[in-house]
Structure formats: C-alpha cells, structure tokens
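>>> for reference, the sequence and a predicted model appear below.
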Amino acid sequence: AQSVTQPDIHITVSEGASLELRCNYSYGATPYLFWYVQSPGQGLQLLLKYFSGDTLVQGIKGFEAEFKRSQSSFNLRKPSVHWSDAAEYFCAVGAGSGNTPLVFGKGTRLSVIA
Amino acid sequence: KAGVTQTPRYLIKTRGQQVTLSCSPISGHRSVSWYQQTPGQGLQFLFEYFSETQRNKGNFPGRFSGRQFSNSRSEMNVSTLELGDSALYLCASSTQGSGELFFGEGSRLTVL
C-alpha cells in the first residue's frame, strides 16, 4: 500500500527567503504525485502534479517540485516566499490508474514572518 | 466552470444524531471521493463513487455511508454520531483515470 511522509510538521520562514518542503513516498510502481495547499477553513487546492516525463514540474504561485525516484522524494520548493504563502501543504501519492484513492501526508504548516 | 460545492458548510449535532452532507461535483466529473480531515489523523479516505457505484471504501465503520445519484451529485451520511466524528469532511471530484482531485471547501461538523 502506498504511504506518504512529510517529516516537518511546522516550518517558519522569513518573507523573501527560499522554501523547501519535504515529501517521501512509498509505492511499488511509478507513482502519481501531487502537492496541495490548504488555507484555514478552506478546501485543498492543487499546486502541481507529476505523472511522468520531466522530473522537475512547475506549478501555480511560483512553486516547483522535483521527483527523485532514487530517493522516493517529491520535494516542493519556492525561491522567494510571500506572506500569502502561509498555509498547510499536503503531499499525496496515487496509483495513477484513477481507480485507487490518493493517500495524503499529514501536512506541513508553513508560517511566514516579516 | 463552477467548482465542487459542498453543503452545508457548518453544522452542529449532538451525540446519537445522524447527519447528511451533500456534494455537487464539477460538471462532467463522474467520480466523487470523500475524505475526513482531523488534526490528529489528517486526511483519511472514506469512499469513492463512480457512476453511482461505490468503487473504493476506506477503513471506517458502517455508520459512515454514501451514495451517488445519476447526475453525479453525492451524499454521505453518518449515523449515531460520536464526539470523534467532529471533523472537516471534504468532497473531491475527478474525471475518470486522471488521478487528480478537485476539492470543495468542506463541511465542518461539530458533534457535542
């Protein structure tokens, strides 16, 4: 069964600093990988996804993520964080067939300080 | 295109009552999934419906049930509510085979 680990429960960064959120997954085949963001009291919004091909994927709001098969990782990055990026971030893995549910990590809460 | 719509957004119930939550997917999406989100357990998969058939089910007791209608709208029901059922219930829709979920804003259930 697939699983996702987000090692960092809470991260605080200064506005304008770079950001990297870690995600490690466990899955026996080529996974479908996703990053979602959730603002307080809201649903989840898709930031980016990896299905196949180029291992560096670009998403919305200036985010990118790199798939590293050898490390079973799919880390999310942003070169310069804005105060509006403060939210909870979830990594998810799926089987790709569309017939099995996405499994989510526990999330990383991002705080941004001035 | 309208997004996923969930109603009600907030509700308060007491132990032993039952509750029904509704979800209208994005037009053209035939798959609807439900997740329970709590601070301790995170996002946990409840069930998925496709073309009115339950295709997958998570590890929840039988008090949790759902259904999907011919127009792809879905409902989930929780009977005999317990305090631990307090959570944000998220509905998501997707197209067949895409693997990508589009989420609604959720229904926040508080059980007293």
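Great, that's in hand.

>>> element containing residue A:93?
strand A:87-94 (DSSP states H and E).

>>> close to chain B, is the helix or strand following that strand?
Counting by DSSP H and E, the element after strand A:87-94 in chain order, helix or strand, is strand A:103-104. Yes: residues of strand A:103-104 are located near chain B by CB under 8 Å from any CB of the partner chain, namely A:103-104. For glycine as for every other residue, the C-beta is placed from the backbone atoms N, C-alpha and C.

>>> identify the bridge partners of the residue lying closest to residue B:64 once chain neighbours are set aside.
With CB to CB, 6 or more residues apart in numbering or on different chains as the criterion, residue B:64 has its nearest non-adjacent residue at 5.5 Å, and that residue is residue B:78. With DSSP bridges as the criterion, residue B:78 is bridged to residue B:19, residue B:64.

>>> which residues touch residue B:3?
B:26, B:102, B:104 (CB atoms under 8 Å, 6 or more residues apart in numbering or on different chains).

>>> the first one touches residue B:4, doesn't it?
When you say that, I think you mean residue B:26. Yes: counting by CB atoms under 8 Å, residue B:26 touches residue B:4, with 5.9 Å between them.

>>> how about the helix or strand of chain B with the lowest mean pLDDT: buried residues?
Within chain B, no helix or strand scores below strand B:53-57, which has a mean of 91 by mean pLDDT, DSSP states H and E. Neighbour counts over strand B:53-57 (16 or more other CB atoms under 10 Å in any protein chain shown) mark residue B:55 as buried.

>>> ok, stretch B:72-79 next?
B:72-76, B:78.

>>> which of the residues you listed fall within strands?
B:74-76, B:78 (DSSP state E).

>>> residues in chain A within reach of chain B, list them.
A:32, A:34, A:36, A:41-46, A:49, A:51, A:90, A:94-107.

>>> now with 10 Å?
Applying CB under 10 Å from any CB of the partner chain, we find that chain A lies next to chain B at A:4, A:6, A:31-34, A:36, A:38-39, A:41-46, A:49, A:51, A:88, A:90, A:92-107.

>>> just the buried residues of these.
The buried subset of the residues of chain A next to chain B (16+ other CB under 10 Å) comprises A:4, A:6, A:31-34, A:36, A:38, A:43-46, A:49, A:51, A:88, A:90, A:92-96, A:98, A:100-107.

>>> output the below-cut-off pLDDT ranges for chain B.
Applying pLDDT under 70 to chain B flags the ranges B:1, B:97.

>>> show me where it has its strands.
Under DSSP E, chain B gives strands at B:5-7, B:10-13, B:19-24, B:31-38, B:42-50, B:53-57, B:64-68, B:74-78, B:87-94, B:102-103, B:107-111.

>>> try chain A
A:3-5, A:10-14, A:19-21, A:24-26, A:32-38, A:44-50, A:56-58, A:64-68, A:73-78, A:87-94, A:103-104, A:108-113.
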